[in-house]
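Peer 1: give me a model of this one.
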Amino acid sequence: MLKPRQKFTSKQVKEDKLTTTIITIRTYLETEWQKIILIATAALVLLLIIVFIYKNNKSSEATAASSLYQIEFGFIERQSYNDQLVKQLEDFLKKYKNTSIGSTGMFYLGTAYYQVGKYAQAEEQYKNYIKTGDGPSFLKSSAVSGIAASYAQRGMYKEAAEYYQKAVTEYPDEFNTPENTLGLVRMLVKNGKKDEAKKQCRTIIEKYPNTREARDAETLLAQL
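Peer 2: Residues are numbered from 1 along each chain as shown. So this is what the prediction gives:
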């Protein structure tokens, strides 16, 4: 005998929608928190640079900083990576490459190239950014791991492993180090270095417990 269909009150429906929304937001934050922190911190650094420039009455520098600030909040904050963003960043660097804010534009252009699948160009811009020696260490670390990720996309696993190792070794205290170490593990596996991959998995599990990277490392370790 069929049971009568359960009727939900409007309050229950609202609560169910709220629960679903909370779970969706929590899942998004768990998977994207590093990108959110990187973008937010980069935006703060850029804002501080703008304030410094304006206080020192450097009009051309201020114009450059303001221009990049508008690009960031028009596209990058919304993670809207497309050919239009690439074009705007390319134009920005043509005008302001030699300003104090130009190096940050290189980093952003590298990221934009990567997101639209132009990996060789991404590597070039990230390397240009690193050569300047400017910027906070977390951006430098992200540039190095960006090169690694780009090499991985092109099937250049040996080079990718080298750059992930570089990011982990030279910037061990950055927030993206667990993610970079996990990237190193995956490239070591691709290169047939399973023993070293196991070692790095154990490092992640021991140093970064209760993180997504630790859970992924446990899964990978069980498969090796």
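
Peer 1: surely Ser150 touches Tyr119?
Peer 2: Yes - counting by C-beta atoms under 8 Å, Ser150 touches Tyr119, with 4.3 Å between them. Yep, even glycine has a C-beta here, placed from its N, CA and C like the rest.

Peer 1: so between those two, which is more surrounded?
Peer 2: Taking neighbours as other C-beta atoms under 10 Å, Ser150 and Tyr119 compare with Ser150 leading, 25 against 19.

Peer 1: next one, pLDDT for Asn213 please.
Peer 2: Small correction: residue 213 is Glu, not Asn. The model reports Glu213 with a pLDDT of 94.

Peer 1: could you point out where the chain is predicted with low confidence?
Peer 2: By pLDDT under 70, the low-scoring segments of the chain are 1-59.

Peer 1: state the distance from Lys199 to Glu218.
Peer 2: Between Lys199 and Glu218 the distance is 14 Å, computed by C-beta to C-beta, to the nearest Å.

Peer 1: typo on my end, Gln125
Peer 2: In this view, Gln125 and Glu218 are 35 Å apart by C-beta to C-beta.

Peer 1: and these two? Which one has more around it.
Peer 2: Gln125 (26 against 14).

Peer 1: list the contacts of that one.
Peer 2: Gln125 is in contact with Met106, Phe107, Leu109, Gly110, Tyr113, counting by C-beta atoms under 8 Å, 6 or more residues apart in numbering.

Peer 1: one more: Glu174?
Peer 2: Under the criterion of C-beta under 8 Å, 6+ apart, the neighbours of Glu174 are Ser137, Phe138, Ser141.
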